[in-house]
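Undergrad: sequence and computational prediction follow.
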Amino acid sequence: MADITPIPNLLFITLLLLSIVFPAHTYQVRLDEHQPLSKIDVYKATLALRSTASIRASPLVLGLNGEDTEWVTVKFIHPEPSADDWIAVFSPAKFNASGCPSSNKRVQTPSICSSPIKFNYANYTNRNYVKTGKASLAFQLINQRADFSFALFSGGLSNPKLIAVSNPLSFKNPKAPLFPRLAHGKLWNEMTVTWTSGYDISDATPFVEWGLEGEAQTRSPAGTLTFSRNSMCDAPARTVGWRDPGFFHTSFLQNLWPNAVYTYRMGHRLLSGSYIWSKSYSFKSSPYPGEESLQRVIIFGDMGKGQRDGSNEFSNYQPGALNTTDQLVKDLNNIDIVFHIGDLSYANGYLSEWDQFTAQVEPIASRVPYMVASGNHERDWPNTGSFYSNMDSGGECGVPAETMFYFPAENRAKFWYSTDYGLFRFCIADTEHDWREGSEQYRFIEQCLASADRQKQPWLIFAAHRVLGYSSNDWYASQGSFEEPMGRESLQNLWQKYRVDIAFYGHVHNYERTCPVYQHQCVNAEKTQYSGTMNGTIHVVVGGAGSHLSPFTEEIPKWSIYRDFDYGFVKMTAFNRSSLLFEYKRSSDGKVYDSFTISRDYRDVLACVPDSCQPTTLAA
C-alpha cells in the first residue's frame with residue numbers, strides 16, 4: 001500500500017471544511033436513546049488537525065472477488081491520546097459540508113453536516129492506547145455505493161475535535177446489485193425480489209434471471225424506486241442523518257410451481273450492452289393454499305441490527321439482534337417464511353443504517369419471504385398522518401421502509417395487508433394508523449379475517465406492532481389497561497367472531513403468552529395442549545428479538561401463562577390442517593423455553609361460542 005503523507009492531506013481537508021456556508025438554525029440533532037449515532041454532536045465539531053497525528057486504512061480496494069462485505073484495518077497515531085478519542089467512518093469519503101442544503105447566507109462553523117455511518121472508541125481493543133498514542137481497529141464495511149474514509153476525533157462525542165483524516169478506500173464496484181429481499185406478491189404463486197444498487201434507470205436496465213433449479217432460466221423486468229432528502233419529514237433524516245439511499249428494484253416472479261426450488265440472480269444491463277450480475281441465490285416457492293405439508297413460520301418484532309466489529313454499541317442498545325439473526329440463519333433449512341412485525345432497523349433517521357440492516361438479514365431474506373410490518377420507529381412523526389404524534393421515526397415518516405421492502409398492500413403508505421401461506425392466513429395490521437371501528441383499516445381487518453377459508457386455511461393469524469391485545473408490561477400495567485390505549489376495544493369482537501387462533505405483537509421488548517382469552521377471561525384451563533372447540537384467541541408478545549428489554553409488572557395477571565425477560569422469537573409448525581406446534585426460542589441458544597400444541601378439526605372451528613355466531617332464526 002502506498003504511504004499517505006499527513007500534512008498535504010490535512011491541508012486539503014482543511015480547505016474543504018472551511019469553504020462552506022450554510023444556515024445555523026436549520027439543523028438540529030435530536031438525541032435518541034435507540035440510536036447511538038444521535039449522541040454525536042456533529043455541529044459542535046471543530047478542526048484541530050495535527051501534523052503529528054495520522055490515520056491510515058487498508059486495503060485500498062475492497063470486494064476484489066465480488067464480496068459485498070470486507071474487514072478493514074485502521075491504524076492511527078495521536079500525540080496526545082485520551083480515553084474519549086474515537087474513530088468515525090464516513091461515507092462518502094469527503095465528509096465536508098459542500099453537499100449540505102442551504103436556504104440563506106448565514107455562516108455557521110464547524111463545517112461538517114453529515115453524521116458518520118458508524119464509530120468506535122480508539123481504545124476499544126487497545127488497552128495501552130492512552131499510554132502509547134498508537135493503536136489499530138478492525139471495522140467491517142459493506143458495499144454502500146460510495147467510498148469511505150476514517151477520521152480520528154478527540155473530545156468525546158459531545159465536543160468532537162477533528163485530529164486526522166485517513167486515505168479513502170472503496171469497493172471495486174460500488175454500484176453492484178446487493179441485499180436481495182424476497183416477499184410474497186399478491187398471489188400465492190408469486191414471489192417478489194427487491195434489491196439495492198447504485199444504478200438508476202438512466203444508467204442500466206434492472207431485471208432478474210430466474211427459473212426452476214437446473215432448468216432453463218428466464219428474465220423478468222424490475223421496477224425502480226428511490227427517495228430524496230425532500231421525501232423525509234424532518235431532522236435527523238433530512239439533515240445529519242441523510243445519506244443517498246441508492247435505488248431499489250423489484251421484480252415479480254409469477255406462475256410459480258408449488259413447493260419448487262428456484263434459482264435467481266439480479267442483473268443490470270448497462271447502456272454499453274454489458275451486464276452486471278449479483279451472486280446466485282435460491283428459494284422454495286409457496287405451497288398451494290390448503291395443501292397439507294410441513295409449513296414452518298417465524299415471527300418476531302423489534303430486532304434492529306448489531307455491528308460485528310463492535311462499533312456503535314457503546315450503549316448496548318440492541319444486544320440481541322445478531323444472536324436472533326444468527327439463530328435463524330443456523331436453522332434456515334427448517335424455515336419457510338419470516339414475519340418481522342415492526343421496528344425493523346431502528347435507523348431513526350440515520351439512513352446509512354438501512355443498508356446495515358438489509359445486509360444483516362440478507363442471508364435470511366434472500367432465501368425465504370421476509371414479510372414486514374410497520375412500527376413506531378418506521379412511521380411516527382408529528383403532523384404526518386401517523387396515529388401517534390411522537391418522533392420515533394427520526395423524521396423518516398415511513399418512507400424508507402415503504403420503499404425498500406415490498407409487501408402486498410393496496411397502498412404502500414397504508415401498511416396493512418393479507419397474505420396466505422399454505423394452511424395459514426395472515427392478517428397484518430398497521431398500528432401507526434387508526435384501527436378503530438369505522439376506520440378504513442378496521443374494514444380491512446374484518447374483510448381479511450372474514451374471507452379466510454377455514455377448510456383451506458385452518459390457522460388464522462393476526463399480527464401488529466403495538467400490543468392491541470394483552471401484555472403485562474409495566475407501563476401498560478401502570479395505565480391499568482394491559483394493552484395499547486384503545487387497543488382491543490374495537491378488535492376483540494372480530495377476533496372472537498372469526499375465531500383468530502393467535503394474535504402476535506411486538507413493541508414491548510419481551511416474550512409473553514396468554515391463555516385463550518376473551519373479555520379478559522381465560523376460556524380454557526389448559527396451558528400446553530389445546531383441542532376441541534376454538535373458543536378464544538391466544539395473544540403473544542414477541543418483541544424481544546434484539547432491542548433493549550422491557551420489564552414486566554410484578555403482579556402476574558390470571559391470563560398470563562408464560563413470561564420471559566430475554567431475547568427470542570417464535571416458530572410455528574403446521575404439520576397438517578389439524579395439528580399445530582408453537583415454540584418460543586431464546587436467541588442466545590436457540591432452545592425452546594415455551595411451547596404448546598393445537599389439535600383441532602374443521603367442525604371445532606365452526607362450533608358456536610359466545611359472540612361468534614349470529615342468533616338462530618325462528619325456523620331453527
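TA: Looks like it arrived, so ask away.
Undergrad: quick check: bridge partners of Glu512?
TA: For Glu512, the beta-bridge partners are Val541, Arg563 (DSSP bridges).
Undergrad: and it, how many residues sit next to it?
TA: Glu512 has 29 neighbouring residues, counting by other CB atoms under 10 Å. C-beta here means a position set from N, CA and C on the backbone, and glycine is covered the same way.
Undergrad: what residues does it make contact with?
TA: Counting by CB atoms under 8 Å, 6 or more residues apart in numbering, Glu512 touches Tyr470, Ser471, Ser472, Val540, Val541, Phe552, Ser560, Tyr562, Arg563, Asp564.
Undergrad: need the phi and psi values for the second one.
TA: Going back to what we said before, that points to Ser471. Main-chain torsions, Ser471, degrees, to the nearest 10: phi -160, psi 140.
Undergrad: equivalent analysis for the third one, please.
TA: For Ser472, the backbone dihedrals are phi -100, psi 30 (criterion: degrees, to the nearest 10).
Undergrad: in a markdown table: the contacts of Glu512, plus neighbour count.
TA: Shown next, in a markdown table, are these (neighbours: other CB atoms under 10 Å):
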| residue | neighbour count |
| --- | --- |
| Tyr470 | 29 |
| Ser471 | 32 |
| Ser472 | 22 |
| Val540 | 27 |
| Val541 | 29 |
| Phe552 | 20 |
| Ser560 | 22 |
| Tyr562 | 16 |
| Arg563 | 19 |
| Asp564 | 18 |
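Undergrad: which two among the residues you listed are spaced furthest apart?
TA: Using CB to CB, these span at most 15.4 Å, a distance reached by Tyr470 and Asp564.
Undergrad: tell me the secondary structure for Ser38?
TA: helix (DSSP: H, G, I helix; E, B strand; the rest coil).
Undergrad: what pLDDT does it get?
TA: Listed pLDDT for Ser38 reads 90.
Undergrad: same thing with Val21?
TA: 27.
Undergrad: repeat that for Gln318.
TA: So Gln318 comes in at 80 (pLDDT).
Undergrad: what's the local residue count around it?
TA: 28.
Undergrad: pop out the phi and psi values for the residue nearest to Pro485 when sequence neighbours are not counted.
TA: In space, and not counting its chain neighbours, Pro485 is closest to Gln479: 6.8 Å by CB to CB, 6 or more residues apart in numbering. The phi/psi pair for Gln479 (degrees, to the nearest 10) reads phi -90, psi -10.
Undergrad: ok, Gln479 to Ser386 distance?
TA: Applying CB to CB, to the nearest Å, the value for Gln479 to Ser386 is 20 Å.
Undergrad: the more surrounded of those two?
TA: Ser386 (22 against 11).
Undergrad: contacting residues around the more buried one?
TA: Applying CB under 8 Å, 6+ apart, the residues near Ser386 are Arg379, Asp380, Cys397, Gly398, Glu432, His433.
Undergrad: nearest to Phe150, of those residues?
TA: Minimum distance to Phe150 across the contacts of Ser386 is 31.9 Å, recorded for Cys397 (CB to CB).
Undergrad: tell me the phi and psi of Ser220?
TA: phi -120, psi 140.
Undergrad: per-residue confidence at it?
TA: For Ser220, the model assigns a pLDDT of 98.
Undergrad: if I look at it, how far off is Arg269?
TA: Going from Ser220 to Arg269 by CB to CB gives 13 Å.
Undergrad: shared neighbours, those two?
TA: In contact with both Ser220 and Arg269: Phe207, using CB under 8 Å, 6+ apart.
Undergrad: residues of stretch 362-372 that come out buried?
TA: Residues Glu362, Ile364, Ala365, Ser366, Arg367, Val368, Pro369, Tyr370, Met371, Val372 are the ones in stretch 362-372 that count as buried (16 or more other CB atoms under 10 Å).
Undergrad: so where's the stretch 51-200 of the chain uncertain?
TA: Scanning the stretch 51-200 of the chain for pLDDT under 70 picks out 96-111.
Undergrad: list the contacts of stretch 212-222.
TA: Contacts of stretch 212-222 (CB under 8 Å, 6+ apart): 193, 205-211, 249-254, 257, 260-263, 266-267, 282.
Undergrad: circling back to that earlier point, now the contacts of Glu512 in TSV, with pLDDT and distance to Lys305?
TA: As requested, the contacts of Glu512 are exported to TSV (pLDDT from 0 to 100; distance: CB to CB, whole Å):
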residue	pLDDT	distance to Lys305
Tyr470	97	29
Ser471	97	24
Ser472	97	28
Val540	98	24
Val541	98	21
Phe552	97	26
Ser560	97	30
Tyr562	98	28
Arg563	98	26
Asp564	98	22
